[in-house]
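[1] Next comes the sequence, and after it the predicted model I'd like to discuss.
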Amino acid sequence: MAGPEAIKNYIDETKKDINKNVTSFLAKVDKVYKTEEDFNKLKKDEDTVLIYNGNKNFAEKDVRFYGAITYFSEDTIKKISYAYPFDKNNFTFPISGETVIILVIGEAEHFYLPYTITQYSNFREDFKTTKSTSEKTLSEDGKGGSSKNYNQVSQTGIPNKSNTNSASKSKYEINEKIKFLKPKEGDTIIQGRVGNTIRFSEFFLTEDNKTSSPSIFIRNKQNPELDDKKIGTLIEEDINKDGTSIYLTSGKVKVPFKETIQKTKIGFKEYPTSDNLKGEQLWMNSDRIILSAKANEFIIFGKGNTGVITDGNYSIDAENEVYIHNKQNITLHSEGANQIFLNSDNGTIYLGKNSGAGDAGAAVQQMVLGGELVKILEELIDAINAQFYLTPSGPTKFSPENKAEFDGIKSKLKVILSAKNYLSKT
């Protein structure tokens, strides 16, 4: 078994070999291949990316072409080469005309990495690495391309000028309205091309700008009010004005969220004030939010108060039962002249308990219809007033001595009817 010293020597020698065989240079993207069919027209038999573990179990159309590009640079102006993304799990799909870094590993493997110092957040070209595809001829110096720019960058790392205008020859149109995010110390920022960003931050939106509060800020679409800012202006996310925002915050982060609803909070009496809207939180703000559990349960747990506040309608449609249980009061409050409906169609409605139903003396009994009750009582009083008695001299037709009292009761029967509450007959 080899000792530690032998292993160290082997690693050192391997590093030397790798360093000798890895070269890099800047190049301009010519074409991007989105289908294997297009790529196979270019690829030669010897142009093969190594397959891990010698695995041959691939579909007829595998993903070896994924993200492949053709490019041209100073050394390849007469012969277009192609390259793969250096990391297929994490790369920005390039666009024709953009600048990339080409890594040549050994003699056959060509890969590319992004190169971005431009003030455009959605087009990654900072200088012209060579003439356009329509100008593939040697330059006057015999070396091809804009060698002045290329040489200066290779020596200093800084182009002598920014040739962003060359991007106009690409089919992709630069959106000059999109701006870069203004970073905080230690931020990791991932930016798409059209104002969609992810910020991993420690200090963004913290109250004191110094307390470590790990948070993630996801934004889809830039605040339109920032479109007219000058190119190169650094901007920040705005949960109230960006397209859609998802914030995962902690600690001292205080999100400047502003409600857009007009509904007064009546039921949610303990709604938290803005001073309490900080700490470990999840924020979602968009024009429309749809949450779907397509196969199983959809569950909401609220350790504290849980409220729904809306300027529109609030409805629950359930195929099966709707069950509400609590240990205190349940209040249904319809403000103003609005109505409350309990409609069971052909079913049964119970108020109170729902078991032990029966006749007189039972724990649960049937309700009384007010109109029917008044009608029957009126008929009863009329019958009392019209009663007659049999006497030795024959039937008497005199009304009861207290007929007036019965008439007075009859006139007040409708006071037993509710002015606002109704009960269906069936």
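    In hand now; what should we look at?
[2] just the strands in the stretch 301-426 of the chain please.
    Per DSSP state E, counting those that start in this stretch, the stretch 301-426 of the chain carries strands over the ranges 389-391, 394-396.
[3] partner strands of the last one, parallel or antiparallel?
    Each strand that pairs with strand 394-396, with its direction, by DSSP bridges: strand 389-391 (antiparallel).
[4] How about Phe111: which residues does it bridge to?
    Phe111 has these beta-bridge partners by DSSP bridges: Tyr84, Leu103.
[5] which ones are touching it?
    By C-beta atoms under 8 Å, 6 or more residues apart in numbering, the residues touching Phe111 are 83-86, 102-103, 105. In this view, the C-beta of every residue, glycine as well, is placed from N, C-alpha and C.
[6] Now do the same for Asn122: its pLDDT.
    On pLDDT, Asn122 comes in at 78.
[7] What separation do you get for it and Ile178?
    Relative to Ile178, Asn122 is positioned 5 Å away (C-beta to C-beta, to the nearest Å).
[8] Compare those two (neighbour count), which wins?
    Set Asn122 next to Ile178 and count neighbours by other C-beta atoms under 10 Å: Ile178 wins out with 23 against 19.
[9] Return the distance of the more buried one relative to Phe91.
    Separation of Ile178 from Phe91 (C-beta to C-beta) stands at 20 Å.
[10] With Val32 instead?
    Computed as C-beta to C-beta, the Val32 to Phe91 distance reads 12 Å.
[11] which residues do these two both contact?
    The overlap between the contact sets of Val32 and Phe91 (C-beta under 8 Å, 6+ apart) consists of Gly67.
[12] Low-confidence ranges, the stretch 101-250 of the chain, go.
    Applying pLDDT under 70 to the stretch 101-250 of the chain flags the ranges 107-108, 126-171.
[13] 80 - rerun?
    The stretch 101-250 of the chain contains residues with pLDDT under 80 at 106-109, 117-120, 122-174.
[14] domains of the protein?
    Following automatic domain parsing, one finds the domains of the chain at 10-169, 175-331, 370-416.
[15] would you turn those domains into TSV with distance to Ser424?
    Listed next are those as TSV, based on distance: least, C-beta to C-beta, whole Å:
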stretch	distance to Ser424
domain 10-169	63
domain 175-331	20
domain 370-416	12
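[16] which of the ones you listed is buried the deepest?
    Of all the domains of the chain, domain 10-169 carries the top mean neighbour count, a mean of 15, counting by mean count of other C-beta atoms under 10 Å.
[17] Not counting sequence-adjacent ones, nearest residue to Phe180?
    In this structure, Phe180 finds its nearest non-sequential neighbour in Ser121, 5.0 Å apart by C-beta to C-beta, 6 or more residues apart in numbering.
[18] Confirm for me that that neighbour is in contact with Ile178.
    Yes. Between Ser121 and Ile178 there is a contact at 4.9 Å, judged by C-beta atoms under 8 Å.
[19] Give the residues shared as contacts by these two.
    Listed as contacting both Ser121 and Ile178 by C-beta under 8 Å, 6+ apart are Arg193.
[20] picking that back up, and the strands of the stretch 301-426 of the chain as TSV, adding mean pLDDT and distance to Asp208?
    As requested, the strands of the stretch 301-426 of the chain are exported to TSV (pLDDT from 0 to 100; distance: least, C-beta to C-beta, whole Å):
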stretch	mean pLDDT	distance to Asp208
strand 389-391	74	97
strand 394-396	72	100
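[21] quick one: which of the ones you listed is nearest Asn402?
    strand 389-391 (14.6 Å; C-beta to C-beta).
[22] Can you classify Ile198 as helix, strand or coil?
    Going by DSSP: H, G, I helix; E, B strand; the rest coil, the secondary structure assigned to Ile198 is strand.
[23] Distance check, it against Gly67.
    Per C-beta to C-beta, Ile198 is found 20 Å from Gly67.
[24] tell me the helices in this protein, going along the chain?
    When secondary structure is read from DSSP state H, the chain shows helices at 4-21, 36-40, 147-156, 370-385, 403-411.
[25] Compare the mean pLDDT across those and name the weakest.
    Averaging pLDDT over each of the helices of the chain singles out helix 147-156 as the lowest, with a mean of 37.
[26] My guess is Val364 contacts Leu351. True?
    No. Contact status for Val364 versus Leu351: not in contact, 9.4 Å apart, counting by C-beta under 8 Å.
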